[in-house]
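> Need a 3D model of the following:
(chains A and B)
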Amino acid sequence: MKERITYILSRVLELILTLLLVSLFTFAAFSVIPGDTAQTILGPNATPEQVEILREKMGLNDPLAFRYLSWLKGAFTGNFGNSISFNSSVSSLIVSRLPVTFGLSLLALILVLVIAYPSAVISSRRPGKFWDQVFSVFGHVSFAIPPFVLSLLSVLLASKVFGYFAVGKYVSPAKDFGGYLYCLLLPAFCIAVPKIAMTFKFLRASILTEKNNDYVRTSKSRGLSDIKIMFKHILPNSNVSVITALSIVLSDLLGGSLIVEQVFNLPGLGRLLLQAIGRRDFPLLSGIVFYLATMMVIIYFLADILMNMCDPRLRRNRGEL
Amino acid sequence: MRKKISPYFIVGSIFLLVIVLSCILGLLGAGPDPEKTNSASKLMAPSMSHLMGTDNLGRDVFARVLSASKYTLLISFAGVTVALVIGTVAGMLAGYFGGIWDRIIMLLGNSVMCFPGILLALVAVAVSGPSLFNVIWALGLVFAPTFARVYRTEVIKIKGRDYILHAKILKVNPIRIMAVHIFPNAFAQIIPAIVIGLANMTLSESAMSYLGLGVQPPKASYGKILSDAQSYITAAPWLVIFPSLMLVIYILGLYFISEGIRGDK
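Residues are numbered from 1 along each chain as shown, chains lettered A, B, ... in the order given. Purely as a prediction, here's the structure:
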């Protein structure tokens, strides 16, 4: 028990350090911009007095370290300041776009699990045989298609063949939850496809490794059915290594969602990000970036702790690699 | 020993060859000028005079695809080189010295990897202004931790071997041990990572160009051609199909090659 507490404490320390570094990266990226932020906002026709007033208002005249600390304080209390171009607070803008981006990522994750698991189980039953080959070739090809290309192609296919045009339609979940799911389904699928392939590959390898273990042979000699061995023994053990893979998958799904939103014209964080870039709205931009990175830091942290809970061997082996 | 070449490797090489050839054709200036607009021939379907049709400004899509493959190859190779140099140095230092160095370098790398997808590169380019050079270094920095990890693991494996211990006993300079003894031995293990890195770099670059933060017009890139084509997707599907196909062929070729290399071992 003591071991576990020390482990979790050391992980929490690492979590805090990572968050600090992430915040430093984000802040640094927006502080080393060539040119004057105030000047950029006001445009080339502003008088020096106007620029000076805005600089004072934004706190740009304070020392860099001071600005970092006040930004950091705001960031950890959920207050990223006000957006320059939208005339509202950065946090409320982010919150208003969350249903799209997180809905997409979550739906995509569900698709990954629902498709990757059965195909990996089927594929690993008889490695090298027909279904394994079919799934593997499919996996390779879908691995190589960028989500936004797949989105474009599926939009093309949907409109040409089925006369169904999903682009630009978005229903908020509060209004019609079914409609909300419906309009997110195709984009979620496009983001999920390469990650389904990745998870499939990983899970298949993991199941095949587990299959060679002694406990499988023992269970078999005890007369357990293949299906029972698979679901009671092999899969729970494979899951341990899949947890880390899934946290990486989730990060990629989130990143993919930012781009695919653009193809399907969905009002999510990706759109907000690009609008912020286009309008050079740096408070908004840094808010979004820091928010997304923080989410990922926390997800990686939880995945690590979860994996540690699932596999007691990992605690003893720590520090080897 | 007879070595069987994996079919994956062969198919992958053929795919890659297609892209390299199209890049060479583009450099030689085959076909019409990729940046020349022609209002008389807008959105024409593929034909003998325009193999892949024309776009909304009357530009020849075939010529644009050829010219785009040049930038795709350039960015993926230059970006991976940047990532490899940074990743190699960081990974070797972390793996060889261990301890606090390892902690610091890995923490830095992990923090970079916490930004989902291409977010960090996107922002770096947005802040520093989109240009070919900025795209290359931004993607290089974002991909460096991946290589650092692979190198670190390899170095940890190698540094316990007898010949390294021998060199250490002879008081060889650690930098020399890393450069002369560890680096070449670890490099063989890095090759699949490099090939995969090229593919992932291309995925990221095309997404960035699609979002308008990659190669800048009038230069062509797959992502840019695709984002321009999006408004005409139903009227002119060839605008989407051919560039997508080229992009997928390049990435698939690289994946197949890495699969083939790994299968050989």
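> Taking the stretch 51-200 of chain B, what residue is nearest to chain A?
Closest residue of the stretch 51-200 of chain B to chain A, Cβ to the nearest Cβ: B:G117 (1.6 Å). The way it works is simple: take the backbone N, C-alpha and C, and place the C-beta from them, glycine included.
> Quick check on that residue: phi, psi?
Phi and psi for B:G117, reported as degrees, to the nearest 10, are phi 60, psi -130.
> quick one: low-confidence parts of the stretch 201-321 of chain A?
For the stretch 201-321 of chain A, the stretches with pLDDT under 70 are A:311-321.
> can you check the stretch 151-265 of chain B too?
Where the stretch 151-265 of chain B drops to pLDDT under 70, the residues are B:263-265.
> before we move on, back to that, which non-adjacent residue is nearest the residue of the stretch 51-200 of chain B closest to chain A?
Among residues not flanking B:G117 along the chain, A:G255 sits closest, at 1.6 Å (Cβ to Cβ, 6 or more residues apart in numbering or on different chains).
> how far away is that neighbour from A:D176?
28 Å (Cβ to Cβ, to the nearest Å).
> Could you do A:I229 as well?
The gap separating A:I229 from A:D176 is 45 Å, by Cβ to Cβ.
> Repeat that for A:K201.
Distance from A:K201 to A:D176, by Cβ to Cβ: 37 Å.
> more crowded one of those two?
A:K201 (19 against 12; other Cβ atoms under 10 Å in any protein chain shown).
> The residue of the stretch 51-200 of chain B closest to chain A touches A:V249, doesn't it?
No: using Cβ atoms under 8 Å, B:G117 is not in contact with A:V249; the gap is 11.5 Å.
> circling back to that earlier point, ok, the residue of the stretch 51-200 of chain B closest to chain A - contacts?
A:251-252, A:254-256, A:258-259, B:204, B:207 (Cβ atoms under 8 Å, 6 or more residues apart in numbering or on different chains).
> Just the C-alphas of stretch B:99-110, formatted as CSV.
Presented in CSV, the C-alpha positions along stretch B:99-110 are these (Å, rounded to 0.1, in the frame of the first residue of the first chain):
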residue,chain,number,x,y,z
GLY,B,99,19.4,10.4,-13.7
ILE,B,100,18.4,14.0,-13.6
TRP,B,101,19.2,14.6,-17.3
ASP,B,102,16.9,11.8,-18.2
ARG,B,103,14.2,13.2,-16.0
ILE,B,104,14.4,16.7,-17.4
ILE,B,105,14.7,15.7,-21.1
MET,B,106,11.8,13.2,-20.8
LEU,B,107,9.6,15.7,-18.9
LEU,B,108,10.2,18.3,-21.7
GLY,B,109,9.4,15.7,-24.4
ASN,B,110,6.3,14.5,-22.6
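> and it, which residues are buried?
Under the neighbour-count criterion of 16 or more other Cβ atoms under 10 Å in any protein chain shown, stretch B:99-110 has B:102, B:105-106, B:108-110 buried.
> Looking at these, which are in strands?
Residues of the buried residues of stretch B:99-110 located in strands (DSSP state E): none.
> Intersect the residues you listed with the contacts of chain A.
Among the buried residues of stretch B:99-110, the residues within reach of chain A (Cβ under 8 Å from any Cβ of the partner chain) are B:108, B:110.
> okay, the buried residues of stretch B:99-110 in CSV with pLDDT and distance to A:Y170 next?
Below are the buried residues of stretch B:99-110 laid out as CSV (pLDDT from 0 to 100; distance: Cβ to Cβ, whole Å):
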residue, pLDDT, distance to A:Y170
B:D102, 89, 47
B:I105, 90, 43
B:M106, 89, 41
B:L108, 89, 39
B:G109, 89, 37
B:N110, 87, 35
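> what two of the buried residues of stretch B:99-110 are the furthest from one another?
Distance extremes for these: the farthest pair is B:D102 and B:N110 at 11.9 Å, using Cβ to Cβ.
> Flag every residue of the stretch 151-265 of chain B that's near chain A.
Residues of the stretch 151-265 of chain B found near chain A (Cβ under 8 Å from any Cβ) are B:153, B:156, B:199, B:203, B:206-207, B:210-213, B:223, B:226, B:229-230, B:233-234, B:237, B:240-241, B:244, B:247-248, B:251-252, B:255-256, B:259.
> my bad, should have said the stretch 1-150 of chain B
Residues of the stretch 1-150 of chain B lying near chain A (Cβ under 8 Å from any Cβ): B:107-108, B:110-112, B:114-120, B:122-124, B:126-128.
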